[in-house]
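In: no sequence on this one, just coordinates:
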């Protein structure tokens, strides 16, 4: 048996720039992702083969895993892995894993336990550290022409919030709790020149959230079953179908709700591009879905329509009268241009129109529960991404510019975002000592629009009075390899620690204290066979 030890020293410093309110687009610690200025929120997540429900907000911030290095496929082989990290704000995370591969089957076990004084990196409470943990099993077997696979995972999140409370309300009961089980069973097989993938997903979830500063106080049970099937005949035809059933129980209002979604689509390769078309049956509404993409020399063209049910809300004040049967329609038109020379250029122009998006609106500057509400809005966004890459032997420079043409409910409302990266890679001592990494600078222009993002409800806000100023971010990712040892340094949002003029300290948000910085250390063992 050969044991291989990789020691990783992990240094991570993350600083959120001071603003009067939370900015959703400056740091991933808030769980909202931007894609060419578009806000990405409220989507189903996948955790390997497991389906994670749309109600699992900020899932990627709560749970993390790791991959095993490549394994031989022609014999039995076993790898095990152990990772431990600790640091500021009570950060303490343990990951373990085991993977066994043979000619007939694969088996994998993963587990993680993390505690932190704030599950999103902004709440500090040393007496009740939020806890995230999961256990996951994966198994696949090759039998005749079938590949059977099975995956099961248990996920738990337990947290309590400490606010910068100026309202005089009792915040000791503020909490969020999610506890759910996810299961996937599938079969991949070939029959009559057709390749099939048949899969069943199941989720059982209990969710509980009580935040007194906001009118959020509900307990929800969710049962969800989804049947997926894909079939392709190798002759430019592919058929996708799924049936999705979701059943909700609101224990506060004793309301129940069920929704079925059926999607049928066909994917064809054409002489000029690829066409996917079908229908979505959501509740009692039928909506067509379509996607077409084609490449003409250096220009790529993509047009598509996606449909999804509007997120069901159980907030105690506004649930009555909320029309649950509306369907969100997302229409996109994207043009990409590629120029590959000594200086590579990629330009992407994106237009998106979103219909029936549920948004929170606030009447007046002082928000009280009776004044909060939801409405359905339709909005669109036009943005341009331009990326220039310059290669310098083993080094590379990337310059990316994102431009928003106008304010939009579904965009960041930063008119300009600029990212500059310098990638470097060098080695010494007969390549036994290596240094690689990235030096980055990010600039975000101000947001003075009427739109923002509701952090707790995980949805956009209209009629918002919050302004976000210009923001800057300097970061360093450094990997130092010494034989079989890898040292890693992460340094982000570092302006307040550099000898430069200006106030880059953290200001309190309206309701709570953001995290100032995070320093953590980690160690990883990986054992072969």
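Out: That came in fine, so what should we check first? Nothing here was measured: the structure is a model prediction, and the numbers come from that model.
In: going by C-alpha atoms from here, please, whenever you check contacts or count neighbours.
Out: Will do.
In: ok, residue 377 to residue 284 distance?
Out: From residue 377 across to residue 284, the span is 21 Å (C-alpha to C-alpha, to the nearest Å).
In: what is the neighbour count of residue 520?
Out: Applying other C-alpha atoms under 10 Å, we find 19 residues neighbouring residue 520.
In: higher neighbour count, residue 377 and residue 284?
Out: residue 377 (15 against 11).
In: is it true that that one touches residue 360?
Out: No - contact between residue 377 and residue 360 fails when scored by C-alpha atoms under 8 Å: they sit 9.9 Å apart.
In: who touches both of these two?
Out: By C-alpha atoms under 8 Å, 6 or more residues apart in numbering, residue 377 and residue 360 have no common neighbours.
In: and after the lowest-mean-pLDDT helix or strand in the chain, which helix or strand comes next?
Out: Least confident helix or strand, the chain: strand 8-13 with a mean of 26, by mean pLDDT, DSSP states H and E. Helices and strands here follow DSSP states H and E; after strand 8-13, the next one along the chain is strand 33-35.
In: elements contacting that next one?
Out: On a contact count with 3 or more C-alpha pairs under 8 Å, 6 or more residues apart in numbering; DSSP states H and E, strand 33-35 meets strand 38-40.
In: now do the strand it packs on: which elements does it pack against?
Out: strand 33-35.
In: quick check: mean pLDDT across the strand it packs on?
Out: What strand 33-35 shows for mean pLDDT is 80.
In: tell me how many other residues surround the residue nearest to residue 388 when sequence neighbours are not counted.
Out: In space, and not counting its chain neighbours, residue 388 is closest to residue 345: 4.8 Å by C-alpha to C-alpha, 6 or more residues apart in numbering. For residue 345, the neighbour count with other C-alpha under 10 Å is 18.
In: gap between residue 80 and residue 45?
Out: Plainly put, residue 80 is 26 Å away from residue 45 if you go by C-alpha to C-alpha.
In: where does residue 61 sit: helix, strand or coil?
Out: helix (DSSP: H, G, I helix; E, B strand; the rest coil).
In: quick check, pLDDT for it.
Out: Residue 61 is assigned a predicted lDDT (pLDDT) of 74.
In: what about it, how many neighbours?
Out: Residue 61 sits with 16 neighbouring residues when counted by other C-alpha under 10 Å.
In: all strands for the stretch 251-400 of the chain, in order.
Out: 255-270, 273-282, 285-296, 299-309, 327-339, 343-361, 373-392, 395-404 (DSSP state E, counting those that start in this stretch).
In: other SSEs contacting the first one?
Out: This means strand 255-270. Secondary-structure packing of strand 255-270 (3+ C-alpha pairs under 8 Å, 6+ apart): strand 237-250, strand 273-282.
In: got the contact list for residue 231?
Out: By C-alpha under 8 Å, 6+ apart, the neighbours of residue 231 are 194, 195, 196, 197, 238, 239, 240.
In: for beta bridges, what are the partners of it?
Out: Per DSSP bridges, the residues bridged to residue 231 are residue 196, residue 239.
In: state the distance from the spatially most central residue of the chain to residue 152.
Out: Taking C-alpha atoms, centre = their mean, the centroid of the chain lies closest to residue 60, which sits 5.3 Å from it. Distance of residue 60 to residue 152, given as C-alpha to C-alpha: 18 Å.
In: and the next helix or strand past the helix or strand where residue 79 lies?
Out: Per DSSP H and E, residue 79 falls inside strand 77-87. Next along the chain after strand 77-87, taking DSSP H and E as the criterion, comes strand 92-101.
In: could you list the paired strands of that next one along with their orientation?
Out: As assigned by DSSP bridges, strand 92-101 forms pairs with strand 77-87 (antiparallel), strand 105-115 (antiparallel).
In: run the chain-centre distance for it.
Out: Here strand 92-101 shows a centroid-to-chain-centroid distance of 22 Å under the convention C-alpha atoms, centre = their mean, to the nearest Å.
In: now do stretch 344-360
Out: Taking C-alpha atoms, centre = their mean, one finds stretch 344-360 lying 17 Å from the centre of the chain it belongs to.
In: thank you kindly, that will do.
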